[in-house]
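S.K.: have a look; sequence and predicted model below, questions after that.
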Amino acid sequence: MLRSVISLFSMLGPSILVIPTELALATDNPNVQWIAPGDPAMAKAHEKSEQGLDGFLEKLRNPPPGTENYSIKLGFTDKGKNVALTTDQMAPNVEFMWVYQIKASGDHFTALLGDTPEYINNIKPDDRVEFEKSDIFDWLYIENGKVKGNHTACPLLLAGPKEQLEQYREIYGIVCD
């Protein structure tokens, strides 16, 4: 199941998580919004993110004035004593989380994990992560105080309370189709 921890908007983007159903039913966090795996709106959001990725990466490499807080969302899964990355929304036991302080070298990147994993055990906040362009699930940055990107926020916000959507639209400038 996909979920978002809206309280993590301090990173200016929700985390998304795929977990087994029995774990999803055991949680009782009022800040968590669940979305079914393979949700068409989430698939469309990921596709929209991919379409704007090259423009985002250009800005990341040479940030224009008025832009800041560049972040990338990656899908993590435990693999032995390490983690593996995936963009597959249907893969089991994947937790989608944001990374920041991104350094680029061609299509290879390093960054620090910005979220606190809830289900992934082999990584913790501020751990260094290495990834490729093909591993990127979503991206965001702030331009003149407004969020650009973060396409995966819309399916999460649209599934939640309308007041929350309006609040994020007003505060962060997020516009959902």
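M.R.: On my side now, so go ahead.

S.K.: sec struct for F137, please.
M.R.: Assigned by DSSP: H, G, I helix; E, B strand; the rest coil, the conformation of F137 is strand.

S.K.: gap between it and I171?
M.R.: 23 Å (C-beta to C-beta, to the nearest Å). C-beta here means a position set from N, CA and C on the backbone, and glycine is covered the same way.

S.K.: tell me which of those two has more neighbours.
M.R.: Applying other C-beta atoms under 10 Å to F137 and I171 shows that F137 carries more neighbours, namely 25 against 13.

S.K.: so the nearest residue to G80 once chain neighbours are set aside, which state does it fall into?
M.R.: Here the nearest residue to G80 in space, its sequence neighbours aside, is N122; by C-beta to C-beta, 6 or more residues apart in numbering that works out to 7.9 Å. Recorded secondary structure, N122: coil (three-state DSSP).

S.K.: report pLDDT for H46.
M.R.: Each residue has a pLDDT score; the one for H46 is 91.

S.K.: show me what contacts it?
M.R.: Neighbouring residues of H46 by C-beta atoms under 8 Å, 6 or more residues apart in numbering: T87, Q89, F137, D138, H151, T152.

S.K.: I'd say the first one and I136 touch.
M.R.: Yes: because the distance of 7.5 Å satisfies C-beta atoms under 8 Å, T87 is recorded as touching I136.

S.K.: between these two, tell me which one has more neighbours.
M.R.: Taking neighbours as other C-beta under 10 Å, T87 and I136 compare with I136 leading, 23 against 18.

S.K.: in the sheet, who's paired with the nearest residue to T86 once chain neighbours are set aside?
M.R.: Among residues not flanking T86 along the chain, G75 sits closest, at 4.6 Å (C-beta to C-beta, 6+ apart). With DSSP bridges applied, G75 shows beta-bridge pairing to T86, F96.
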